[in-house]
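J.: Based on what follows, work out the 3D shape:
(one chain, ligands or ions: 1)
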Amino acid sequence: MPPEESGAAPEGPQRCGLIAIVGRPNVGKSTLLNALVGQKVSITSRKAQTTRHRITGIRTLGDTQYVFVDTPGFQTRHSNALNRTLNRTVLSSVSDVDLVLFVVEAGRFGLDDAKVLALIPPDKPTVLVANKLDKVVRRAELAPWLKSMQERHPFVEFVPLSAKRPDQVKRLLEIVRPYLPEQPWWYEEDALTDRSERFLASEIVREKLFRLTGDELPYSSTVMIEKFEEEGRLRRIAATIIVERESHKAIVIGDGGERLKRIGTEARQELEKLLDAKVFLELWVKVRSGWADDEERLRSYGYE
Ligand SMILES: Nc1nc2c(ncn2[C@@H]2O[C@H](COP(=O)(O)OP(=O)(O)OP(=O)(O)O)[C@@H](O)[C@H]2O)c(=O)[nH]1
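T.: Model (predicted):
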């Protein structure tokens, strides 16, 4: 573990804040997030400050804790859904983050990028991250392009980089630091524990569930881990996807069970990478109408 990440906070005030990474599909958001968070992917349970967000990663570096969150509505691949996202709920998903990283491919700005940019309130501090710098052959053309970007939106910083270059990603963290407020960290800075491995499993299944069902499934659907067993480098996991209606169950299962199978395969593959272990994942779908009103049950699903 590098010395600057060795647990104990340095003297002086701490900084901590929420950061959203947005951009059209394929610009490198996931690659950037993974690089920003580094090895220590630490997904913890929801805290009061972030109830409206799903935390996708936390990085604690020096005096600063960077908390990366999902922004519902920005993630969508469907352009008709993008239009639908122009509503208050979605705008509020970025309204309480401290900083937005708007990712584009360096030297490119298309209609699809513009659609995402239009969703960011102009008064929200936003950094332009011009990713895939390594693919830019004519570097001289980058300066005029950056200048044109300056005219499109009041960005607070312009950061050309490659998400695949750790030194450049670290520089981005340094640039972001002053935009996060001085306040105590919200999260412990700990490695993955068994409990968080279990939580991670539910989050990954949840992510695949919503990714593969698009806008068809209401957000009230949830994932419960029924079994999490560790046998050396093997994890045996059984999870239940709980939906509110029979019609939602049909959406999750898909034609001939295809969709549920895909959710399971993608979740298993990602978990194997994250946990560095072989994973057996069993998925079930259950209908439990009205579960959201039952506090006792909510608690047993891992919410607080
Ligand atoms: N050359 C190069 N390729 C990159 C860089 N960053 C990401 N990529 C590649 O770009 C592709 C898309 O990256 P992702 O991180 O999946 O993009 P994303 O924005 O999360 O995509 P969605 O999940 O579809 O929204 C992948 O093939 C990456 O390997 C970079 O800095 N340089």
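J.: Going by C-alpha atoms from here, please, whenever you check contacts or count neighbours.
T.: Noted.
J.: Quick check: nearest residue in space to the residue in the stretch 151-300 of the chain positioned nearest to the ligand, chain neighbours excluded?
T.: At 3.4 Å from the ligand, Ser162 is the closest residue in the stretch 151-300 of the chain, using CA to the nearest ligand atom. Nearest residue to Ser162 in three dimensions, chain neighbours excluded: Lys132, at 4.7 Å (CA to CA, 6 or more residues apart in numbering).
J.: Which parts of the stretch 1-150 of the chain are helices?
T.: 29-37, 79-84, 88-95, 111-117, 142-152 (DSSP state H, counting those that start in this stretch).
J.: quick one: buried residues of the last one?
T.: Spelled out, it's helix 142-152. Under the neighbour-count criterion of 16 or more other CA atoms under 10 Å, helix 142-152 has 142, 146, 149 buried.
J.: What of stretch 246-255?
T.: Residues of stretch 246-255 classed as buried: 248-253 (neighbour count, 16+ other CA under 10 Å).
J.: Return the distance of that stretch from the chain's centre.
T.: With CA atoms, centre = their mean, to the nearest Å as the basis, stretch 246-255 stands 25 Å off its chain's centre.
J.: For that stretch, list the C-alpha coordinates in PDB.
T.: Taking Å, rounded to 0.1, in the frame of the first residue of the first chain, the C-alpha atoms of stretch 246-255 are listed here in PDB:
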ATOM      1  CA  GLU A 246     -45.700 -10.400 -11.900                       C
ATOM      2  CA  SER A 247     -45.200  -8.200 -15.000                       C
ATOM      3  CA  HIS A 248     -41.800  -7.000 -13.600                       C
ATOM      4  CA  LYS A 249     -40.800 -10.600 -13.000                       C
ATOM      5  CA  ALA A 250     -41.500 -11.400 -16.700                       C
ATOM      6  CA  ILE A 251     -39.300  -8.400 -17.700                       C
ATOM      7  CA  VAL A 252     -36.400  -9.600 -15.600                       C
ATOM      8  CA  ILE A 253     -36.600 -13.200 -16.800                       C
ATOM      9  CA  GLY A 254     -37.000 -12.200 -20.500                       C
ATOM     10  CA  ASP A 255     -37.900 -14.500 -23.400                       C
END
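J.: picking up where we left off before, and the residue of the stretch 151-300 of the chain closest to the ligand, what does it touch?
T.: 131-134, 168-169 (CA atoms under 8 Å, 6 or more residues apart in numbering).
J.: For those, which two are the farthest from each other?
T.: Across the contacts of Ser162, the longest distance by CA to CA is 13.2 Å; it joins Asp134 and Val169.
J.: In terms of packing, which of the two has more residues around it?
T.: Val169 (21 against 14; other CA atoms under 10 Å).
J.: Am I right that the more buried one sits in a strand?
T.: No. The assignment for Val169, made by DSSP: H, G, I helix; E, B strand; the rest coil, is helix rather than a strand.
J.: Touching, it and Ala35? I think so.
T.: Yes. With contact defined as CA atoms under 8 Å, Val169 reaches Ala35; the gap is 6.7 Å.
J.: shared neighbours, these two?
T.: Joint contacts of Val169 and Ala35 (CA under 8 Å, 6+ apart) are Ala163.
J.: still on that earlier bit, check whether the residue nearest to Ser162 really touches Gly107, as I assumed.
T.: No. Counting by CA under 8 Å, Lys132 sits too far from Gly107 to count as a contact (9.4 Å).
J.: coming back round to it: quick check: the gap between the residue of the stretch 151-300 of the chain closest to the ligand and Ser220.
T.: 37 Å (CA to CA, to the nearest Å).
J.: What of Leu32?
T.: Per CA to CA, Leu32 is found 29 Å from Ser220.
J.: which of these two has more neighbours?
T.: Legend: neighbour count by other CA under 10 Å for Leu32 and Ser220, higher for Leu32 (22 against 11).
J.: Thanks a lot, see you next time.
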